[in-house]
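A.B. asks: Need a 3D model of the sequence below.
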Amino acid sequence: MQLRGTSRRLSAWFSRRPAWVPDVLLALFVTLIQVQNIADYSAFEPVARPITDFGNLGYALLVVSGLVVVVRRRWPVLVFAVTGGISLVYFGLGFPDRLSCLGMFVALYTLAAYGNGRRSLQIAGIGIAVLSAGWLIAAADIEPQAAVGWVFFRIGMSVISTAIGESVRSRRVIAADAQLRAELAERSREEEARARVDAERLRIAREVHDTVAHAIAIINVQSGVTAHVLDKRPEQARDALRTIEHTSSRALREMRAILGVLRDGDGREPSPGLDQIQELTDKARDAGLDISVEQSAPPTPLPSAVGSVAYRIVQESITNVIRHVGPTRVTVVLAPGIDALRIRVADEGSRDTAKVPAQPGGGSAKGRGIVGMRERVQLLGGQLDAKSLPTGGFEVTARLPLTPVGSRL
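C.D. replies: Model prediction:
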């Protein structure tokens, strides 16, 4: 149990260790290997100069080239320069070779693995070329000749260390790129989801605006009629109250259908379409409009999105006439073609010359009616135009392509 507890404490310590601890341990290990490897050099092995010459200078060089590995991550170029220079001095003085260049191999690996790619490889390549030339020059009169093998060992291990470091760096870069692409993909999915939510909220806002504005406009007109004829013509007042009841009931049903998307979606009614234009115009007639509808049968079934937008355009146009013009003649034209549905809603203006609406056709400067219609049409890739007529009325025209683009409406 005590051994297990000690193991846990050691594991926890290593997981929280400072970043410099591995480099310190590596530097001590490299220094120990270099010194121990040379210290075991047999007296029977020929060597140009004993390691103890010049006051143990050889040992000092090995210790310095090993301990400098501590700062290999912070100054990789400097560590490579120091270890490479020490190797030239060490080999040039004829000290025993063996693994005396282990620190330099670690420095080359670090330079390639933690450098910036091409520049680090260029430094490593130039350094290896310079060191190779120095080693070969120093080995020109080496004795015995078999010892020249250590020169080629140094050159080969330098190249291998650099190649391993570059491989590690490349893998790290690839992993970082993959992580970045994953984060960008996740961010794009989140942005797309937010865009869909915003589009759905905008759709709901338009639907609520169109439904409520139309219902309130009709209720406002009918309530005024009721107040005016209640005492003189109770039957007409009763009809107006029935219209108010039917309009408010219809508006409530549409509101429940629209807001159903905020719940689980069960029991939602489909969006209104062109098949409900007749019901819409009947309510407009009850509100005092002299309205005529010119509608031809489509050559092909209309997409539901096109039918829904067409219904909303007619509804909003009629609502604007009721609110801002009053009783007048209105013409609604629905002309479906092979490639597009064309809509025209025009009124003749106010029949009361003393009543001049501040904003013809629905107050586009103050409200959101025409703006909302234009946004709906643009989402389908169509065009909408709303303008005053020379005769004093107002006209809304729209062209809705039968192959809509954009988000679901």
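A.B. asks: What are the phi and psi values at the nearest residue to residue 298 once chain neighbours are set aside?
C.D. replies: With CB to CB, 6 or more residues apart in numbering as the criterion, residue 298 has its nearest non-adjacent residue at 3.6 Å, and that residue is residue 336. The C-beta positions use only the backbone N, C-alpha and C, and glycine is treated the same way. Residue 336 adopts backbone torsions of phi -80, psi 140, taken as degrees, to the nearest 10.
A.B. asks: what bridges to residue 336?
C.D. replies: residue 341 (DSSP bridges).
A.B. asks: What is the burial count for it?
C.D. replies: 23 (other CB atoms under 10 Å).
A.B. asks: Next one, pLDDT for it please.
C.D. replies: In this prediction, residue 336 carries a pLDDT score of 89.
A.B. asks: same check, this time on residue 146
C.D. replies: 59.
A.B. asks: Also residue 176?
C.D. replies: 82.
A.B. asks: again with residue 266
C.D. replies: So, for residue 266, pLDDT stands at 47.
A.B. asks: quick one: the residue nearest to residue 298 and residue 296 touch, right?
C.D. replies: Yes. In this structure, residue 336 is within contact of residue 296 by CB atoms under 8 Å, at 6.6 Å.
A.B. asks: before we move on, the earlier item: would you quantify the distance from the residue nearest to residue 298 to residue 382?
C.D. replies: 13 Å (CB to CB, to the nearest Å).
A.B. asks: Now do the SS call for residue 292.
C.D. replies: What DSSP: H, G, I helix; E, B strand; the rest coil gives for residue 292 is strand.
A.B. asks: likewise residue 344?
C.D. replies: Quick answer, by three-state DSSP: residue 344 is strand.
A.B. asks: Identify the residues contacting it.
C.D. replies: 331-333, 335, 395-398 (CB atoms under 8 Å, 6 or more residues apart in numbering).
A.B. asks: Narrow the residues you listed to just the buried residues.
C.D. replies: The neighbour-count test (16 or more other CB atoms under 10 Å) marks 331-333, 395-398 as buried among the contacts of residue 344.
A.B. asks: ok, those residues vs residue 111, which is closest?
C.D. replies: residue 398 (68.4 Å; CB to CB).
A.B. asks: Direction included, what does the host helix or strand of that closest one pair up with?
C.D. replies: Using DSSP states H and E, residue 398 maps to strand 394-401. Paired with strand 394-401 in the same sheet, following DSSP bridges, are strand 340-347 (antiparallel), strand 383-388 (antiparallel).
A.B. asks: Can you list the buried residues in whichever strand or helix holds residue 285?
C.D. replies: Following DSSP H and E, the helix or strand that holds residue 285 is helix 277-286. Buried positions in helix 277-286, judged by neighbour count with 16+ other CB under 10 Å: 277, 280-281, 283-284, 286.
A.B. asks: Now do the domain split for this structure, please.
C.D. replies: 10-187, 194-265, 274-349+369-401 (the TED database).
A.B. asks: looking at the ones you listed, which is buried most?
C.D. replies: Counting by mean count of other CB atoms under 10 Å, domain 274-349+369-401 has the highest mean neighbour count of these, with a mean of 19.
A.B. asks: And the next helix or strand past the worst-scoring helix or strand of the chain on mean pLDDT?
C.D. replies: Among the helices and strands of the chain, helix 360-363 carries the lowest confidence by mean pLDDT, DSSP states H and E, at a mean of 41. Of the helices and strands lying after helix 360-363 in sequence (DSSP H and E), the nearest is helix 369-379.
A.B. asks: same for that following helix, what does it pack against?
C.D. replies: If you count contacts as 3 or more CB pairs under 8 Å, 6 or more residues apart in numbering; DSSP states H and E, helix 369-379 packs onto helix 149-229, helix 304-324, helix 360-363, strand 383-388, strand 394-401.
A.B. asks: Any chance of CSV for those, columns distance to residue 19?
C.D. replies: Output for the helices and strands packed on helix 369-379, formatted as CSV (distance: least, CB to CB, whole Å):
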stretch, distance to residue 19
helix 149-229, 16
helix 304-324, 59
helix 360-363, 68
strand 383-388, 63
strand 394-401, 62
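A.B. asks: Any chance of CSV for the strands paired with strand 394-401, columns mean pLDDT and distance to residue 182?
C.D. replies: Shown next, in CSV, are the strands paired with strand 394-401 (pLDDT from 0 to 100; distance: least, CB to CB, whole Å):
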stretch, mean pLDDT, distance to residue 182
strand 340-347, 91, 43
strand 383-388, 90, 41
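A.B. asks: I appreciate the help and will end here.
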